[in-house]
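Novice: Starting from these lines, generate the structure:
(2 chains)
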Amino acid sequence: MNQQMPVVLVTGVGPGTGAAIARRFSRGGYAVAMLARNRERLAALERQIANARAYPCDVTDEARLDGVIQAIRADLGAPKVLVHNAVGGAFGNFMEIDPEVLNRNFQVNTMALLYLARKLAAAMMEAGEGAIIASGNTSALRGKANFAGFAPTKAAQRILAESIAREVGPKGVHVAYVLIDAVIDLEWTRKRFPDAPDEFFIKPAAIADEVWHVTHQDRCAWSFNVELRPFHETW
Amino acid sequence: MSDSTSVPLDKVCVVVGVGEGLGAALARRFAAGYKVALIARSGEFIGKVADEIRVAGGVALAIQSDATVEPQIGNAHEQISRDLGPVEILIFNGGRRPMGRLMETTPQVFEQTWRLHAFGAFLWARQVVPQMLARGSGTILITGATAGVRPWPTSAAFAPAKFAVRGLAQVMARDLHPQGIHVAYVNVDGGIDMPLLRNLRPDAKDEDLLKPSAIADAFWYLAHQDRSAWSHELDVRPYKEKF
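Specialist: Okay, here's the model as predicted:
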C-alpha cells in the first residue's frame, strides 16, 4: 500500500454491502480503511481484500474515531471518500421497542455520520475534491408501524446528508444519499425469506457498483438522491 | 454494466428530441453501443448529427417527426423497426421550455407544452412497449427538469408539463419494472451548456452548467444498471448549483 493511492473510509464493513463496497474500491485502485466493531470479521476481510486495512471500532465513540482517523491518515493518507454504511436497526412498533433502541440507532446512523463528516470534510474541501456517501433505505422516506425504532433515525440521516451536501458541494465535495429500497441478498435475509426467488433481492455487488459510480460522477452532473431497487420490487 | 467497446451494434436506441444540447449528446453517446434513430421536428440538424455518427463508424437514422402527432410517430416507429430493428431503448428528450407566469402564458402555449412533454412521451411509449413486453426487456429514459419537482413561478406552462411526464414515468415504472422494462426519469437540475442557454446567460461560467456529455453518461449508466438495483429517478446538477 503506498501513500499515492486515494483512500476510502467505509464504515459498517460486515459480510454484505460493506465488504462489497470495500472490494469495489480496492478493485478501482483505492486503499480501503474498513471500520466495524467485529474485529475477527474485519481481520478476515483484510486478508482477502487487496490494499484494505482493518480499524475495529464503534463509530458512535467520537473520541475513539479521532484516534482511528489519525491512524488512517498516518497509515494510508487522508480519506478522499467516506462511505457511511454502518447501520443500527430495530424491529417493533412504538409500544414494543425499548426507547433506548431508538437513541442507539440514532447514534450509529446519524451522529456517526455527523462525527465523520466533521472530521473528514475539511481536508476534502482543502483538496477541492472528495465524496461523502451515506447508504440509506426506504425508512428514510416512510415510517412503517414496525420501524418506529429505526425509520426516524434514517430520515434524520438523510436530512443531515442533504444539509452537508448543500454546504460542501460548492466547495468541491460531493455528498450523495444512496437509498436502497429492497432486501439485500445476505445469509440472514435468505434465512428470513427462504422462499423468495433470487430476483427478490438486491445484490451487494450491484449496490457497490452504484456507490462507485456516484462517487466518480463528473462534477458538472452530480446526483444527490440515488434510489435502487430490484426490477421486481413493489413500491 | 456494459462497456461501450464491448457492445455490438445490434440493438436500437431511439432519441426523441434531438437539438444542439442534450439530444445530440445522447445520440452520440448511445451510438457507441447502439444503432440510433434521431427524431426531431426539423430535419436539418438531425441529418448533420446522423452523418457525423456514420462517419465515426456508427449506425444512425434521422427521421423528421413531430412527437405530438400520433400518425407521424407511428410512421417513424415503423421506419425504425423496418430499417434498424426493434427498439431496445427509448429516450424521450422532447420539448422546449417556455418562460412565463400564469397571465403571461397563453392557452395555446400551455397546451402545446403539455403535448410536447407529456403527451409525446405517452404516445412514443405506446409505440415501443408492446415489443419490449414481448421480449421481456427494454429501457425507457425520460429527461426531466427542476420544474418537474420544484418549479419557478415563471414555469406556468413548463412545470405542469414536467409534473405530468414525471407522473407518467412513475406509472410506467410501477407497471413495467416487474415485466422487465426499466423506466427512469432524470431530473436535470441546472442549466445545460448549449448555445441557446449561453445566449440567455452570457455571464455563465463553464462550472455553472451541466455538460451535455456528462448528462448523457448518466443516461448511459442508467440504461445498463443490473436489474437487481434499478434507479427510477436520478437527479444530476453542477457541483455549484443551489438546490
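Novice: Please count neighbours and contacts with C-alpha atoms only from this point.
Specialist: OK.
Novice: anything in stretch B:143-154 near chain A?
Specialist: No - shown here: stretch B:143-154 not in contact with chain A (C-alpha under 8 Å from any C-alpha of the partner chain), separated by at least 12.9 Å.
Novice: Residue A:198: neighbour count?
Specialist: Counted with other C-alpha atoms under 10 Å in any protein chain shown, the neighbours of residue A:198 add up to 11.
Novice: quick one: stretch B:135-148 to chain centroid distance?
Specialist: Relative to its chain's centre, stretch B:135-148 lies at 7 Å (C-alpha atoms, centre = their mean, to the nearest Å).
Novice: residues of it that come out buried?
Specialist: Going by neighbour count (16 or more other C-alpha atoms under 10 Å in any protein chain shown), the buried part of stretch B:135-148 is B:137-148.
Novice: Show me the two of those that sit farthest apart.
Specialist: Greatest spatial distance among the buried residues of stretch B:135-148 (C-alpha to C-alpha): B:137 and B:147, at 30.2 Å.
Novice: Now do stretch A:132-147: distance from first to last residue.
Specialist: Chord length of stretch A:132-147, first to last residue, is 26 Å (C-alpha to C-alpha, to the nearest Å).
Novice: check whether it contacts chain B.
Specialist: No - on the criterion C-alpha under 8 Å from any C-alpha, stretch A:132-147 is out of touch with chain B, staying 12.7 Å away.
Novice: ok, now stretch A:68-88?
Specialist: No - Stretch A:68-88 lies apart from chain B when judged by C-alpha under 8 Å from any C-alpha; the minimum separation is 16.0 Å.
Novice: what comes up buried for that stretch?
Specialist: Under the neighbour-count criterion of 16+ other C-alpha under 10 Å, stretch A:68-88 has A:68-69, A:72, A:76-88 buried.
Novice: Let me see the residues that make contact with it.
Specialist: For stretch A:68-88, contacts defined as C-alpha atoms under 8 Å, 6 or more residues apart in numbering or on different chains pick out A:1-3, A:5-13, A:17-18, A:31, A:33, A:36, A:55, A:57, A:104-106, A:108-109, A:113, A:117, A:120, A:123-124, A:129-136, A:150, A:215.
Novice: swap in stretch B:104-120?
Specialist: Stretch B:104-120 is contacted by residues B:67-69, B:94-98, B:156-158, B:160-162, B:164-165, B:168 when judged by C-alpha under 8 Å, 6+ apart.
Novice: separation between the residue nearest the centre of chain A and residue A:17?
Specialist: Nearest to the mean C-alpha position of chain A, by C-alpha atoms, centre = their mean, lies residue A:85 at 1.8 Å. According to C-alpha to C-alpha, residue A:85 stands 8 Å off from residue A:17.
Novice: got it, and residue A:101?
Specialist: Separation of residue A:101 from residue A:17 (C-alpha to C-alpha) stands at 23 Å.
Novice: Who has more neighbours out of the two?
Specialist: Taking other C-alpha under 10 Å, residue A:101 and residue A:17 do not tie; residue A:17 has more neighbours (23 against 17).
Novice: Wait, the more buried one touches residue A:206, no?
Specialist: No - assessed by C-alpha atoms under 8 Å, residue A:17 is found out of contact with residue A:206, at 9.2 Å.
Novice: re the thing from before, out of the buried residues of stretch A:68-88, which are inside helices?
Specialist: Here DSSP state H is the test, and these give A:68-69, A:72 as lying in helices.
Novice: Just put these in CSV and tack on distance to residue B:177.
Specialist: Converted to CSV, those look like this (distance: C-alpha to C-alpha, whole Å):
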residue, distance to residue B:177
A:68, 43
A:69, 42
A:72, 43
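Novice: just to revisit the earlier point, in PyMOL, how would I select the buried members of the contacts of stretch B:104-120?
Specialist: Only the buried entries of these go into this PyMOL selection, using 16+ other C-alpha under 10 Å:
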select buried, chain B and resi 67+68+94+95+97+98+156+157+158+160+161+162+164+165+168
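Novice: Residue numbers of chain B in contact with chain A?
Specialist: By C-alpha under 8 Å from any C-alpha, the residues of chain B that approach chain A are B:174, B:177-180, B:182, B:207-211, B:214-215, B:226-243.
Novice: Quick check on these: which are buried?
Specialist: Buried members of the residues of chain B next to chain A, scored by 16+ other C-alpha under 10 Å, are B:174, B:177, B:179-180, B:182, B:208-211, B:214-215, B:226-241.
Novice: Out of these, list just those in strands.
Specialist: In strands, defined here by DSSP state E, the members of those are B:182, B:233-236.
Novice: Please name the nearest non-neighbouring residue to residue B:68.
Specialist: Excluding the flanking residues, the one nearest residue B:68 by C-alpha to C-alpha, 6 or more residues apart in numbering or on different chains is residue B:120, at 5.1 Å.
Novice: ok, and for the helix or strand harbouring that neighbour, which residues are buried?
Specialist: Element membership of residue B:120, judged by DSSP states H and E, is helix B:120-135. Neighbour-count burial for helix B:120-135, with 16+ other C-alpha under 10 Å as criterion, is recorded at B:120-125, B:127-129, B:132.
Novice: Report the two of these separated the most.
Specialist: Of all pairs drawn from these, the greatest distance, 18.3 Å, lies between B:120 and B:132 (C-alpha to C-alpha).
Novice: Narrow the contacts of stretch A:68-88 to those in helices?
Specialist: Using DSSP H, these in helices are A:17-18, A:104-106, A:113, A:117, A:120, A:123-124, A:215.
Novice: Now a PyMOL select for only the buried ones of these.
Specialist: Per 16+ other C-alpha under 10 Å, the buried members of the ones in helices among the contacts of stretch A:68-88 correspond to this PyMOL selection:
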select buried, chain A and resi 17+18+104+105+106+113+117+120+124+215
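Novice: Adding distance to chain B and pLDDT, write the ones in helices among the contacts of stretch A:68-88 out as TSV.
Specialist: Converted to TSV, the ones in helices among the contacts of stretch A:68-88 look like this (distance: C-alpha to the nearest C-alpha, whole Å; pLDDT from 0 to 100):
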residue	distance to chain B	pLDDT
A:17	13	96
A:18	16	97
A:104	29	97
A:105	26	97
A:106	26	97
A:113	21	98
A:117	18	98
A:120	19	98
A:123	18	97
A:124	14	98
A:215	13	98
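Novice: wait, which of the ones in helices among the contacts of stretch A:68-88 is closest to residue B:152?
Specialist: Ranked by distance to residue B:152 (C-alpha to C-alpha), these are led by residue A:215 at 29.8 Å.
Novice: With adjacent residues omitted, what lies nearest to that closest one?
Specialist: Of all residues not flanking residue A:215 in the chain, residue A:131 sits nearest, at 6.1 Å (C-alpha to C-alpha, 6+ apart).
Novice: where's that neighbour relative to chain B, distance?
Specialist: As for residue A:131, its distance to chain B is 11 Å (criterion: C-alpha to the nearest C-alpha, to the nearest Å).
Novice: contacting residues around that residue?
Specialist: Residue A:131 touches A:80-82, A:124, A:173-176, A:215, counting by C-alpha under 8 Å, 6+ apart.
Novice: So which residues on chain A come close to chain B?
Specialist: Proximity of chain A to chain B is confined to A:166, A:169-174, A:199, A:201-203, A:206-207, A:218-235 under the rule C-alpha under 8 Å from any C-alpha.
Novice: ChimeraX command to pick out the buried ones of those residues?
Specialist: Per 16+ other C-alpha under 10 Å, the buried members of these correspond to this ChimeraX selection:
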select /A:166,169,170,171,172,173,174,201,202,203,206,207,218,219,220,221,222,223,224,225,226,227,228,229,230,231,232,233
